[in-house]
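Colleague: Have a look at this prediction, sequence included:
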There are 2 protein chains.
Amino acid sequence: MPDGDKRVLSRPRRNQPTHATFEMSKQITISLDAMGGDAGPDVVLAGAAIALERRPELRFVLFGDEARVRPVLDRHPALAAASRFVHAEVVVRMDDKPSQALRAGRWKSSMWKSIEAVKAGEAQVCVSAGNTGALMAMAKFCLRTMAGIERPAIAAIWPTLTGESIVLDVGATIGADAQQLIDFAVMGAAMARAVFGAERPRVGLLNVGVEEIKGNEEVKMAGRLLKEADLAELDYTGFVEGDDIGRGVVDVVVTEGFAGNIALKTAEGTARQFARYLRDGMNRSWLNRIGFAIARSAFDRLKQKMDPRKVNGGVFLGLNGIVIKSHGGADAEGFASAVSLAYDMAVADLTARIVAGLAHYHHAGGTPPVADPRGES
Amino acid sequence: MPDGDKRVLSRPRRNQPTHATFEMSKQITISLDAMGGDAGPDVVLAGAAIALERRPELRFVLFGDEARVRPVLDRHPALAAASRFVHAEVVVRMDDKPSQALRAGRWKSSMWKSIEAVKAGEAQVCVSAGNTGALMAMAKFCLRTMAGIERPAIAAIWPTLTGESIVLDVGATIGADAQQLIDFAVMGAAMARAVFGAERPRVGLLNVGVEEIKGNEEVKMAGRLLKEADLAELDYTGFVEGDDIGRGVVDVVVTEGFAGNIALKTAEGTARQFARYLRDGMNRSWLNRIGFAIARSAFDRLKQKMDPRKVNGGVFLGLNGIVIKSHGGADAEGFASAVSLAYDMAVADLTARIVAGLAHYHHAGGTPPVADPRGES
C-alpha cells in the first residue's frame, strides 16, 4: 500500500488493532440501490447519511424511483450534496424470484443499475438491501465471475470471542467441490487481509470433526490440497467444528453454501433465543428490573457485542467487482454498517487482492479450475 | 398404551404438559457403560445414582473394570442395590478410532457389553458417554439397522423458545438421500410422540430457504414425497431455516448429518459465547456485580434454560434397540439427564413405535428403500 497521509481503519483486527493504512485523499464512491430492503429509501438514505457523517470523504451514486427517493433525499442535505441521483423505473421486489427479477429488472431496475455502476467504474462497491437471490443473479449476470472462479460466494463477518472472523460461503450456491472450497479459502483470506489487516490469515475448513478422516470427500480433498500448497497468503490450520467459529480459532472459516447458510442462521437464532430469555427474565419482577438497571453497562456491552446491525453485510466474492448485500430488515444503523464495510472493501481494493491471491495460488501449482456445468445456473 | 396406574412423564411437551401415561409397574432396566466419558465410573455412577433418586423404580446393569468400578459403587449403596455389575476387561478410549475400537473391544469391552445387553433383552436402553464414533460403530455392528432402514441417525433434543424440539441427524452419517431423509422424519416423529407426547408431531426439513425451489435435490425431493404421502403419524409443514430451530416452529427438524452436526455445534458455540460475554460483563465492575446479584433469579432461569446438561443425550435411531450417547464431558447431573432420557424412551417403547411408523409409511405407498452402498461403511 502506498505511503502518504495515513489513517487507522476503524474495524478492529482479531485480538489487536488493525494498522492497515490508506491514502487519505483516496475518493471512494459507493453505488446504492435506494429501493432495496423492507423499508426502501427511508432506511437506505438514513443509513447512508449516518455513514457519511462518520466518513465525510464518501461519495454516493443513488439509484431509485425519483418520486419516492427525492422527498427522502431532501431531508438529508449533507447526503444530497455528496451524492448523484439516477432515476430507475423498475423496482425489484423482496419476493421476486431471481429469474423474474432478471427478466423484469435487467438494464432498468435500481438494483441492476447500482451493480452496473461498479462495472462501469463509477463506483467501487455496490450496496443493496434487496432480495439476495435477485441480487446474486444480477451481480453474476452483470459482473461475471472472475477468471478461474466458477462460483461466487457470500462471505459474512461473524462476531467471535476474540474479535471477528469471516465465514464463507453462507449461501451463494449449494455444494462445492474441493477446488471451489480452495477458491473460497483464497478469496476469504484476501478479504481477511483487507478487513482485519491480518498478514497471513488463519484459515480453517468447517467439518464435523477435526481428525483428517472426518467429513465428506470434497472437504477432505480440499484439506489435503491446502496443506500441500502451503500458500504464502494464508495459514491453513486444518478442520474446525461448528463451535470453533464463535471461539474465533481462525480468521476465515470455509464451507459450502448449504452448511454455511444453516450455520449462520442457527447462530442468529440462538443469539435471539438467548436475548429473549434475558428479556423475559428482566420482566419477571421489579427486583430483576432494578438489578438489570444497575448492571446496565454490562448489558449494553453484551448488546453491542451481539448486535446483528454491527456486522450487517454479506459480501459477494468471486465476481469482477464487489457487491454487498445488507439485511432486508436492517434499520438505518444496520445499513450504515453495510456501507462502512463497503468502504473498507473499496479502500483495501479487495477485488485486486483476490485476483492477486488466486494468481499466486495457481502459480504455486494449485490445480487449475475445471469447467463445471453446475457452476452456471 | 394400556390402562392401569398412570403417571405423568416429567418431560414437558412443547407448549403444554405431556399426558403420556404408562403402567406404574413397568420395570425399566438401563445398561450403562461405566467406563465411558472423560471421568469414567465416578461421573457415570454418580449420575445413575441421581437418576435413581428421581425414579426409584429404575434398575441398572453396569459394565466396567471391576477394580475401578467397585470402589465407586460402594459409595452409592442405593445404586448398588438397584444394579447388577458385570466385569469387562477392555475399555474403549475416548480417542480410539471406530475401527480400532471394534477390533479391540468387540465382545469384551464395557461399551460392547452394555449395547449387547439391549440386544439380549436384559436392558431396554443403553447409555454410554464413550466416544461417539466407536459407540455408533459397535451399535451398528451389534444391533444392526432396522428392516427397511439403511442408515441410523443421531437425534438431539434442542431447547427452543416454546419448549424443546428434536433435530436429526446430528452426525451419524454424512449426506442423506431423499428416502433416508424421510426415514429420519418418521423416526424423529416417533421419538417426538414418545418424548413430548405430541400426537401428530410437526416435522420440517432443514433448508436454506422456505420456498419450494430452494435447496439441494435430495431435500426438495424429500419435501415433495412427504407432502404427497400426507402421513397420519406426522404433520409435514415444509422447509425450515436455521433460525427456525430455536424458534421452535416444528417438533422435529430433519437434516442430513453434516449440516445437522454443524448446526448443533454452532448453536452450542453461540450459547457459550453469549454466556461468556455476560460473565465478562458481570466482572467488569462492582456495580455490575451488585446488579447481577439483585437480578439473580433471572440469570438462574437463563442458565437453566440454556443448560446443556439438561438436554444431554444423543439418541441413536434406526437400530434394533436404543442407544443413548451422553456427552463425554458431562458431569453427574448431565449424565443423569441422559439416563432420564433413556428412561423416557424405554417407557414409551420407542423402538416399537419407530417400527410401527415405518410400517405405516411403507404401507401408505412410500417408496421402498433402495440398497445404497454408501449406507454400509
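Modeller: Now that the structure is in, tell me what you want to look at. Numbering: from 1, shown residues only, chains lettered A, B, ... in the order given.

Colleague: what ranges do the helices span in the stretch 101-250 of chain A?
Modeller: Using DSSP state H, counting those that start in this stretch, the helices of the stretch 101-250 of chain A run over A:110-119, A:132-143, A:178-196, A:217-229, A:242-247.

Colleague: got those helices as TSV, with mean neighbour count, distance to A:Asp38 and mean pLDDT columns?
Modeller: Yep, even glycine has a C-beta here, placed from its N, CA and C like the rest. As requested, these are exported to TSV (neighbours: other C-beta atoms under 10 Å in any protein chain shown; distance: least, C-beta to C-beta, whole Å; pLDDT from 0 to 100):
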stretch	mean neighbour count	distance to A:Asp38	mean pLDDT
helix A:110-119	26	15	97
helix A:132-143	23	13	95
helix A:178-196	27	27	93
helix A:217-229	18	36	94
helix A:242-247	23	28	94
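
Colleague: Could you list the domains of chain A?
Modeller: As assigned by automatic domain parsing, chain A contains the domains A:23-144+A:319-347, A:150-310+A:349-377.

Colleague: Which residue ranges of chain A form strands?
Modeller: Under the criterion DSSP state E, strands of chain A are mapped to A:28-33, A:58-64, A:83-87, A:125-128, A:153-160, A:163-168, A:202-206, A:235-240, A:252-254, A:314-317, A:322-325.

Colleague: Could you give the number of residues near the residue nearest to A:Gly130 when sequence neighbours are not counted?
Modeller: Closest residue in space to A:Gly130, ignoring its immediate chain neighbours: A:Gly36 at 3.4 Å, by C-beta to C-beta, 6 or more residues apart in numbering or on different chains. Using other C-beta atoms under 10 Å in any protein chain shown, A:Gly36 is surrounded by 31 other residues.

Colleague: Over to A:Ala104?
Modeller: 16.

Colleague: thought it was touching A:Glu89?
Modeller: No: using C-beta atoms under 8 Å, A:Ala104 is not in contact with A:Glu89, being 10.7 Å away.

Colleague: If you rank every helix and strand of chain A by mean pLDDT, what lands last?
Modeller: helix A:296-306 (a mean of 73; mean pLDDT, DSSP states H and E).

Colleague: just to revisit the earlier point, now, of the strands of chain A, which is deepest in the fold?
Modeller: Comparing the strands of chain A on average neighbours per residue, with mean count of other C-beta atoms under 10 Å in any protein chain shown, the densest one is strand A:252-254 at a mean of 32.

Colleague: can you tell me how far the residue nearest to A:Ala101 when sequence neighbours are not counted sits from B:Val219?
Modeller: Setting aside the residues directly before and after it, A:Ala101 is nearest to A:Ala134 in space (C-beta to C-beta, 6+ apart), at 3.4 Å. According to C-beta to C-beta, to the nearest Å, A:Ala134 and B:Val219 sit 22 Å apart.

Colleague: And stretch A:93-102, what's buried?
Modeller: Neighbour-count burial for stretch A:93-102 flags A:Met94, A:Asp96, A:Pro98, A:Ala101, A:Leu102 (criterion: 16 or more other C-beta atoms under 10 Å in any protein chain shown).

Colleague: Name the nearest residue to A:Lys349, ignoring sequence neighbours.
Modeller: You called it Lys, but residue A:349 is Asp. A:Ala194 (7.6 Å).

Colleague: so how far is A:Asp251 from that neighbour?
Modeller: For A:Ala194 relative to A:Asp251 (C-beta to C-beta), the value is 12 Å.

Colleague: A:Gly209 now?
Modeller: A:Gly209 is 21 Å from A:Asp251, where distance means C-beta to C-beta.

Colleague: in the helix ranked longest in chain A, what counts as buried?
Modeller: Longest among the helix segments of chain A by residue count, using DSSP state H, is helix A:257-282. Of the residues in helix A:257-282, A:257-274, A:277-278, A:281-282 count as buried by neighbour count, 16+ other C-beta under 10 Å.

Colleague: Okay, now the unreliable bits of chain A?
Modeller: Filtered on pLDDT under 70, chain A yields the residue ranges A:1-26, A:306-311, A:363-377.

Colleague: wait, what's in contact with the nearest residue to A:Asp243 once chain neighbours are set aside?
Modeller: The shortest distance from A:Asp243 to any non-neighbouring residue, by C-beta to C-beta, 6+ apart, is to B:Gly269 (3.3 Å). B:Gly269 makes contact with A:Gly242, A:Asp243, A:Asp244, A:Ile245, A:Gly246, A:Arg247, A:Ala267, according to C-beta atoms under 8 Å, 6 or more residues apart in numbering or on different chains.

Colleague: these two touch, right, A:Thr270 and B:Gly246?
Modeller: Yes: here A:Thr270 reaches B:Gly246: they are 5.4 Å apart, a contact under C-beta under 8 Å.

Colleague: intersection of neighbour lists for these two?
Modeller: B:Ala267.

Colleague: So which of A:Gly209 and A:Asp251 has more stuff around it?
Modeller: A:Asp251 (29 against 15).

Colleague: Show the backbone phi and psi for that one.
Modeller: The phi/psi pair for A:Asp251 (degrees, to the nearest 10) reads phi -80, psi -30.

Colleague: Quickly note the distance from it to B:Val195.
Modeller: With C-beta to C-beta as the criterion, A:Asp251 and B:Val195 are 41 Å apart.

Colleague: Which residue is it, in the stretch 51-200 of chain A, that comes closest to chain B?
Modeller: A:Ile174 (5.0 Å; C-beta to the nearest C-beta).

Colleague: Can stretch A:284-296 be said to contact chain B?
Modeller: Yes: applying C-beta under 8 Å from any C-beta of the partner chain, one finds stretch A:284-296 touching chain B at A:Arg284, A:Ser285, A:Leu287, A:Asn288, A:Arg289, A:Ile290, A:Gly291, A:Phe292, A:Ala293, A:Ile294, A:Ala295, A:Arg296.

Colleague: no no, stretch A:297-306
Modeller: Yes: applying C-beta under 8 Å from any C-beta, one finds stretch A:297-306 touching chain B at A:Ser297, A:Ala298, A:Phe299, A:Arg301, A:Leu302, A:Lys305, A:Met306.

Colleague: Most neighbours among those, please name it.
Modeller: Going by other C-beta under 10 Å, A:Ala298 tops these with 24 neighbours.

Colleague: residues in contact with it?
Modeller: Taking C-beta under 8 Å, 6+ apart as the test, what A:Ala298 contacts is B:Leu278, B:Gly281, B:Met282, B:Arg284, B:Ser285, B:Asn288, B:Gly291, B:Phe292.

Colleague: how does it look with 6 Å?
Modeller: B:Gly281, B:Met282, B:Asn288 (C-beta atoms under 6 Å, 6 or more residues apart in numbering or on different chains).

Colleague: and what of A:Glu116?
Modeller: A:Glu116 makes contact with A:Cys142, according to C-beta under 6 Å, 6+ apart.
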